[in-house]
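> just a sequence and a predicted model for now, questions to come.
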Amino acid sequence: MKRIEDLKKELEKYIEEEKSKFLAKFFQAYPGGYGEGDKFLGIRVPYLRKIAKKYRNLTFEETEKLLNSEYHEHRLTAVFILIHKFKGSPEKVVSIYLCNIEKINNWDLVDSSAPHILGRYLDNKDRKILYEFASSNNLWRQRIAIISTHYFIKQNDFNDAIRIAEILVNHKHDLIHKAVGWTLREIGKRDKNLEIEFLKRHYKAMPRTMLRYAIEKFPENERIKFLHGEF
């Protein structure tokens, strides 16, 4: 595992102690927060991407070990390495991803990985697992489910995104409100009528944050009508 140690030593060059305190607060690693118990070194994402690219030929065993690190930045670096490896070994990458899904345990880890690994893999496959995740009681699996559909959305394939948004539209957590709203906004960039159809069914009852995210790019007069319940 010498290469893992080399990777970690290179990452250590970019540690910022004050940044680690900021990140712990930003990702709610405090007691009662959604990231409770996570540990941060204080390394900016561009440096993680740089090191991941350099070590993209790390073995799968080493990458999986890195993904199980107690440090958030190590896990995010492992995610970036898996994305590099996807084209050559999609089955293996997805297997590691799903076997270690509990380590994809904050919104940046989800958003950096779900479309590029699980979404990409499921492009022409049965997507049952996304519905299982969406219907679970696990916040991160639910976010993985909806964010994975962003890969399909880019292919103008909206069906699963809409159906999973329907499952999550009354969710209680702010991180799901934002994720569903963001997803609807992405659909609307390509098919505004489809987004509006969804909103007409749900906008009066959906969480306010979700609605605001969904209509962010709408003309001012349309936003006002939705926000005032007059559409």
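Ah, there it is.
> make it CA atoms for all contacts and neighbour counts henceforth
OK.
> most centrally placed residue in this structure?
Residue closest to the mean C-alpha point of the chain, counted by Cα atoms, centre = their mean, is D111 at 2.1 Å.
> which outside residues touch the host helix or strand of that one?
Element membership of D111, judged by DSSP states H and E, is helix 107-113. The contact list for helix 107-113, computed with Cα atoms under 8 Å, 6 or more residues apart in numbering, reads 75-76, 79-80, 83, 104, 140, 143-144, 147, 175.
> tabulate the CA atom coordinates of it in PDB.
Taking C-alpha atoms only, helix 107-113 is exported to PDB below (Å, rounded to 0.1, in the frame of the first residue of the first chain):
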ATOM      1  CA  TRP A 107     -23.600  16.000  -0.300                       C
ATOM      2  CA  ASP A 108     -20.400  16.800  -2.100                       C
ATOM      3  CA  LEU A 109     -19.400  13.100  -2.200                       C
ATOM      4  CA  VAL A 110     -22.800  12.300  -3.600                       C
ATOM      5  CA  ASP A 111     -22.900  15.100  -6.100                       C
ATOM      6  CA  SER A 112     -19.300  14.400  -7.300                       C
ATOM      7  CA  SER A 113     -20.000  10.700  -7.900                       C
END
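> could you look up the next helix or strand downstream of that helix?
The first helix or strand that comes after helix 107-113 along the chain, using DSSP H and E, is helix 120-121.
> just for the chain, where's the confidence low?
Low-confidence segments of the chain (pLDDT under 70): 1-2.
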